[in-house]
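1. no FASTA, just this:
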């Protein structure tokens, strides 16, 4: 559970979206692009981790 530090004020707003058809398509497109970028990054991190694990199993020293 989030608890702000003493002396800090937390303020939040909630907005309802009511896009028209063109705006809704644009929002969906942006969400899809963000998801694709996230999936790419996760895939890259996992591939790098697996590659490093394989290198360690072969006794390849780390770069730093």
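-> Cool, got the structure. Given the structure is predicted, the values throughout are model-derived calculations rather than measurements.
2. what ranges does the protein have for its helices?
-> Using DSSP state H, the helices of the chain run over 21-57.
3. in this protein, which residue is closest to the centre?
-> The C-alpha lying nearest the average C-alpha coordinate of the chain belongs to residue 38 (CA atoms, centre = their mean; 5.1 Å).
4. for that one, give its distance to residue 45.
-> To residue 45, residue 38 is 11 Å away according to CB to CB, to the nearest Å. Bear in mind the C-beta positions are built from the backbone N, C-alpha and C, glycine included.
5. do residue 59 as well
-> When CB to CB is the yardstick, residue 59 and residue 45 sit 23 Å from each other.
6. one more: residue 15?
-> According to CB to CB, residue 15 and residue 45 sit 33 Å apart.
7. between those two, who's got more neighbours?
-> Neighbour totals were compared for residue 15 and residue 45, and residue 45 leads with 10 against 5 (other CB atoms under 10 Å).
8. for burial, what's the neighbour tally of the residue lying closest to residue 19 once chain neighbours are set aside?
-> Once flanking residues are discounted, residue 19 sits nearest to residue 27: 6.0 Å by CB to CB, 6 or more residues apart in numbering. Residues within reach of residue 27, counting by other CB under 10 Å, total 12.
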